[in-house]
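*Asks:* Starting from these lines, generate the structure:
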Amino acid sequence: MNTEITIHPKLHHLGLTTGNLEAMIDWYRKVLGMTVVHQTEAAAGGQKDAPTLKAAWVSNDEANHRLAFVQLPGLTADPDRSRHHRLQHVAFEYRTIDELLGTYARLKGLGIVPVLSTDGGSQTAFYYEDPDRNSVESTSTITAIAGLRASTCERHRISPETRWAPMSIRTR
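*Replies:* Prediction:
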């Protein structure tokens, strides 16, 4: 047993509480291709005096789940969320810039648009808000030349209000 070396485990899944279980499942299905692996209306396991908890576990790859949603009774939106401690965002990486931009175009066609886009030169990202206003980043590391990026934007019809410039941050 290793007791001396720091092991570097990979992130397996993220758990989120919600008041909108079905809306969250639908959004993550549309945006990231997540499918429900398991869903229950009795997440508390029938414990006496336990609140009724609904839950769903979703994945878009070989893992048994990548996201877990637990619907808590009485949960409400926090209008001052941006001023409180919270998870800032979660990111999902696309293999190529074409996959990222194709996803942008597909989501735009569904009426799902980013609230923020960034381009740091070596990485491009779109930030979306899920139904609970969690920030979800779609990103790709760019290894192409700048001219390819511009032509790819034209091919995917990225709108002027969402286009980016190097080292910029744009909002809708």
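
*Asks:* Averaging pLDDT per element, find the lowest-scoring helix or strand in this structure.
*Replies:* Lowest by mean pLDDT, DSSP states H and E among the helices and strands of the chain is strand 168-171, with a mean of 45.

*Asks:* how far away is the residue nearest the centre of the chain from Leu101?
*Replies:* In the chain, the residue lying closest to the centroid (CA atoms, centre = their mean) is Val136, at 3.2 Å. The gap separating Val136 from Leu101 is 17 Å, by CB to CB, to the nearest Å. C-betas here are computed from N, CA, C, even on glycine.

*Asks:* for Ile25, same thing?
*Replies:* Ile25 is 26 Å from Leu101, where distance means CB to CB.

*Asks:* Going along the chain, name the helices of the protein.
*Replies:* 21-32, 97-109, 146-155 (DSSP state H).

*Asks:* just so I know, which of the ones you listed lies nearest Val90?
*Replies:* helix 21-32 (10.2 Å; CB to CB).

*Asks:* Give me the domain ranges for the chain.
*Replies:* The chain breaks down by automatic domain parsing into domains covering 14-71, 88-171.

*Asks:* which residues of this protein fall in strands?
*Replies:* With DSSP state E as the criterion, the chain has strands at 14-18, 35-40, 54-59, 67-71, 90-93, 116-119, 123-129, 135-141, 168-171.

*Asks:* Dump those strands to a markdown table, plus distance to Thr6.
*Replies:* Shown next, in a markdown table, are the strands of the chain (distance: least, CB to CB, whole Å):
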| stretch | distance to Thr6 |
| --- | --- |
| strand 14-18 | 22 |
| strand 35-40 | 31 |
| strand 54-59 | 28 |
| strand 67-71 | 26 |
| strand 90-93 | 23 |
| strand 116-119 | 31 |
| strand 123-129 | 26 |
| strand 135-141 | 25 |
| strand 168-171 | 33 |
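
*Asks:* For Ala105, which of the ones you listed is the nearest?
*Replies:* strand 123-129 (11.0 Å).

*Asks:* Check which strands are paired with the closest one and give the direction for each one.
*Replies:* For strand 123-129, the paired strands and their directions (DSSP bridges) read strand 116-119 (antiparallel), strand 135-141 (antiparallel).
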